[in-house]
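Novice: test case, fold it:
(chains A, B and C)
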Amino acid sequence: MEEGLCKNFVPSSGFVDKTKIVEVKPLRSLAPVLPKSLQSSHSLRYPSVFPPFIVFEEVQESQPSSPPPIPAPPIKSYKILVEEEETPHVVHDDSSTPMSVDDGQKRGPQPLNSCKSSQKRSKKTKESHFDSSFSAGGAISVAQRDDGDRETVNLVLMTYDSLRRRLCQLEDARELNTTMSIKRADLRASNALSAKAFRTNMKKRVGAVPGIDIGDIFFLRMEMVLVGLHGQSMGGIDYMTAKDETVALSIVSSGVYDDETEDDDVLVYSGQGENFNKKDKHVIDQKLQRGNLALDNSSRRQNEVRVIRGLRDAVNKSAKIYVYDGLYKIQDSWIEKGKSGGGVFKYKFVRLPGQPSAFAVWKSVQKWKMGSSSRTGLILSDLSNGVESIPVSLVNEVDNEKCPFFQYFNDLLHPKPFSLAQSSYGCSCTKSCVPGDLSCSCIQRNEGDFPYTSTAVLVSRKQLVHECGPMCKCFPNCKNRVSQSGLKLQMEVFKTKDRGWGLRSLDPIRAGTFICEYTGEVIDRAKVNPYREYNDEYIFNTSHIYDPFKWNYEPSLLEEISSNVSSEDYCMPSPLIISSKSSGNVARFMNHSCSPNVFWQPVLYAENNQSYLHIAFFALRHIPPMSELTYDYGCSGHVEGSNAPNGRKKCLCGSSKCRGSFG
DNA sequence: GCGTACTCACGTCC
DNA sequence: CGGACGTGAGTACG
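Specialist: Next up is the predicted model:
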């Protein structure tokens, strides 16, 4: 494997492949970072408090093909009622809002949904003795439990997934060490968070959910429950009851029923309920109750319904990925004979216009992959020219710039051996190293933990991850060599609007997934000229100052999670500076962001009787396809001399937490 | 308030 | 590999 990688680099033979080297000035730091690739739609993003009836009149003008039997206003008005209750100073203009039918209800004494959620919350808090410490510690405030924001949603998701990963790790090691069984780590982790009300958006609501963007992806149903996107852990239709009338909130279309999709913005969804009575063994019709009734009401009232599309995960074929595809309205509904002959409710969902594309992006990617539609702006189908096993496309849809000038190279040049107190030699496991096998010297170096789950997801950030390497006796397909197998995701280098080239993935990425290594020329720290770094925009430097952040949550720490707010702040065991200016891999195209979706992790393994340090990039959180990948470049330390050039560049990442400069 | 019914999960086993 | 199956969480509802 490693030999193969080295063969691809021909540094001094005189052979220069023109397809790899094209003269274009790199623009990496000249342009501001936009956090997502789908920027064109950014301004169209819904505000966290969704204005009611935004398209109500349009819909009234262009009546759906099947006119609703009873014209009723959207039950959204219940939400207004709640808002009025909670913020009495809000002026509400009745005349502009067609909902006279609800006038009586609006003036009703009881808010209909907020009281529900607070009842639930108080029930939860009774169960939890940790509640006061939670709110005091500020991990999730009481207000954030009802109404979230982006930061809270990310905190809940990251806490949940790191806990789940750790439980998976313990379960993977269980067979050899007789500890208790941890089946269903997803449920164990959600239990732990729910018991302490470590959730957000618990208040049920019609329409957009604060802190959740269209296009966000989820790998488990529980993730959507914990952040309030879809309250049912299994059920496909989420709804709430307001004034004796149920109203639908969100649906999950997983392909279990035969839902049809005519085009990307339309979904025909089947109602819930069996078509076959197991006891009496006869065919039955679905009933207009529960979710079906809620959908019917939402259709009549022309309420918005959140739609989540479930898709098969290409990496983990038995699993699913859920894509939040924004708000839809039910345009039509009817009853159809199902396969068994029983009546099945059908609801035709139509996507509201003006929303960022989400599911449509997946469809486009699928078409590019199958070759059934051509990629616009494609310059090269494989920037790596065969070095990577998966081609790296190069795309420019912005201007005429053709290709960056560099040589694709998948290894470290002039690496310095890393001194270790322990022997550099690898483990003597046969076949593959097994989690929980404490006789494996590589597992010993990782403090007894196997660093990756069985699906090759990194469990925890560490000062150093010890992988097996060419010196180990285990097979090359050992699961402790995740960072050495090259790209597994289909990557694309693309021209950003104003920050030069950037990197993104056509595939969805689960948090903790290995993305790529940072390759290039290792620069001797003793010889490093500070001015060289200022002129080299392709420097990776571990001795930069990085904002600490938290990615790991131990199960035992969950008890005092609010007091344990300290970030993981690791010292580098040995400084490492890499330049990818003249040669490198896709990592050289990753832009900086102050709120990144990727982080770097030092990885050590032995080759040729020496241990070498590598920099591996992992997904900080779930990343939807076509989202730009970014990491924190950190800041160089030497800025004391006021007149000296500090080498920092103005940051244009656009994040709310932007520090203003980097590098 | 509590038990029960219901559901477009998920992992495992064969 | 695919389908059956067992254990499920959260919610609504009686």
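Novice: whichever residue of the stretch 451-600 of chain A sits closest to DNA strand B - how many residues pack around it?
Specialist: Closest to DNA strand B within the stretch 451-600 of chain A is A:S454: 7.8 Å, counting by C-beta to the nearest atom of the strand. Placement of C-beta: from N, CA and C, glycine included. Look at A:S454: counted by other C-beta atoms under 10 Å, it has 13 neighbours.
Novice: contacts only, for it.
Specialist: Contacts for A:S454 (C-beta atoms under 8 Å, 6 or more residues apart in numbering) come out as A:C168, A:D172, A:P435, A:K479.
Novice: go again with 10 Å.
Specialist: A:C168, A:Q169, A:E171, A:D172, A:N316, A:P435, A:K479 (C-beta atoms under 10 Å, 6 or more residues apart in numbering).
Novice: got it, and A:G342?
Specialist: If you count contacts by C-beta under 10 Å, 6+ apart, then A:G342 has A:G273, A:E274, A:N275, A:F276, A:N277, A:H282, A:V283, A:I284, A:D285, A:Q286, A:I335, A:E336 around it.
Novice: now, which of the residues you listed lie within strands?
Specialist: Judged by DSSP state E, strands contain the following of these: A:F276, A:N277, A:H282, A:V283, A:I335, A:E336.
Novice: turn the residues you listed into JSON lines, columns for pLDDT and neighbour count.
Specialist: Shown next, in JSON lines, are the ones in strands among the contacts of A:G342 (pLDDT from 0 to 100; neighbours: other C-beta atoms under 10 Å):
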{"residue": "A:F276", "pLDDT": "80", "neighbour count": "13"}
{"residue": "A:N277", "pLDDT": "76", "neighbour count": "11"}
{"residue": "A:H282", "pLDDT": "83", "neighbour count": "10"}
{"residue": "A:V283", "pLDDT": "87", "neighbour count": "15"}
{"residue": "A:I335", "pLDDT": "95", "neighbour count": "14"}
{"residue": "A:E336", "pLDDT": "92", "neighbour count": "13"}
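Novice: quick check, nearest of the residues you listed to A:P573?
Specialist: Within the ones in strands among the contacts of A:G342, the smallest distance to A:P573 is 62.6 Å, found for A:F276 (C-beta to C-beta).
Novice: okay, now the residue of chain A found nearest DNA strand C: neighbour count?
Specialist: Going by C-beta to the nearest atom of the strand, DNA strand C is nearest to A:S194 of chain A, at 3.5 Å. If you count neighbours by other C-beta under 10 Å, A:S194 ends up with 19.
Novice: got the end-to-end distance for stretch A:226-237?
Specialist: 16 Å (C-alpha to C-alpha, to the nearest Å).
Novice: any buried residues in it, and which?
Specialist: A:L226, A:V227, A:G228, A:L229, A:H230, A:G231, A:Q232, A:G236, A:I237 (16 or more other C-beta atoms under 10 Å).
Novice: of these, list those near DNA strand B.
Specialist: Taking C-beta under 7 Å from any atom of the strand as the test, DNA strand B is in contact with A:Q232, A:G236, A:I237 out of the buried residues of stretch A:226-237.
Novice: from A:R166, how far off is A:L613?
Specialist: For A:L613, the distance to A:R166 equals 25 Å [C-beta to C-beta, to the nearest Å].
Novice: tell me, how many residues neighbour A:D524?
Specialist: A:D524: 9 neighbours (other C-beta under 10 Å).
Novice: next, count neighbours for the closest residue to it other than its chain neighbours.
Specialist: If the residues on either side of it in the chain are set aside, A:D524 comes closest to A:K416, at 7.3 Å by C-beta to C-beta, 6 or more residues apart in numbering. Look at A:K416: counted by other C-beta under 10 Å, it has 15 neighbours.
Novice: per-residue confidence at A:K416?
Specialist: Looking at A:K416, its pLDDT is 88.
Novice: shouldn't it be within a helix?
Specialist: No: applying DSSP: H, G, I helix; E, B strand; the rest coil, one finds A:K416 to be coil, outside a helix.
Novice: A:V268: which element?
Specialist: Assigned by DSSP states H and E, A:V268 falls within strand A:266-270.
Novice: what is that strand packed up against?
Specialist: In terms of contacts (3 or more C-beta pairs under 10 Å, 6 or more residues apart in numbering; DSSP states H and E), strand A:266-270 is packed against strand A:245-253, strand A:304-312, strand A:320-337, strand A:343-351.
Novice: 8 Å instead?
Specialist: Helices and strands touching strand A:266-270, as assessed by 3 or more C-beta pairs under 8 Å, 6 or more residues apart in numbering; DSSP states H and E, comprise strand A:245-253, strand A:343-351.
Novice: tell me the angle that strand makes with strand A:304-312.
Specialist: With axes from the mean of the first three to the mean of the last three C-alpha atoms, to 10 degrees applied, the angle from strand A:266-270 to strand A:304-312 works out at 80 degrees.
Novice: what angle sits between strand A:266-270 and strand A:343-351?
Specialist: 160 degrees.
Novice: check the offset of strand A:266-270 from the chain's centre.
Specialist: Counting by C-alpha atoms, centre = their mean, to the nearest Å, strand A:266-270 is centred 26 Å from the centre of its parent chain.
Novice: where does the stretch 151-300 of chain A dip in pLDDT?
Specialist: Scanning the stretch 151-300 of chain A for pLDDT under 70 picks out the ranges A:175-181, A:279.
Novice: mind listing the helices for it?
Specialist: A:185-195, A:221-226, A:290-301 (DSSP state H, counting those that start in this stretch).
Novice: before we move on, back to that, I'd like the distance between the residue of the stretch 451-600 of chain A closest to DNA strand B and A:V434.
Specialist: As judged by C-beta to C-beta, A:S454 and A:V434 stand 11 Å apart.
Novice: please apply the same query to A:N480.
Specialist: Taking C-beta to C-beta, one finds A:N480 at 10 Å from A:V434.
Novice: looking at those two, which one has more neighbours?
Specialist: Neighbours per residue (other C-beta under 10 Å) separate A:N480 from A:V434, with A:N480 holding more: 28 against 19.
Novice: who are the contact partners of the closest residue in space to A:P575 that isn't next to it in sequence?
Specialist: Leaving aside its sequence neighbours, A:P575 sits nearest to A:S543 (C-beta to C-beta, 6+ apart; 4.5 Å). Listed by C-beta under 8 Å, 6+ apart, the contact set of A:S543 reads A:R525, A:M572, A:P575, A:I577, A:G637.
Novice: can you give me phi and psi for the third one?
Specialist: Just to be clear, that refers to A:P575. Dihedral pair for A:P575: phi -70, psi 150, per degrees, to the nearest 10.
Novice: surely it touches A:D524?
Specialist: No: using C-beta atoms under 8 Å, A:P575 is not in contact with A:D524; the gap is 10.4 Å.
Novice: lowest-confidence member of the contacts of A:S543, which is it?
Specialist: Minimum confidence in the contacts of A:S543 sits at A:G637, scoring 68.
Novice: show me where the stretch 351-500 of chain A has its helices.
Specialist: A:359-370, A:441-445.
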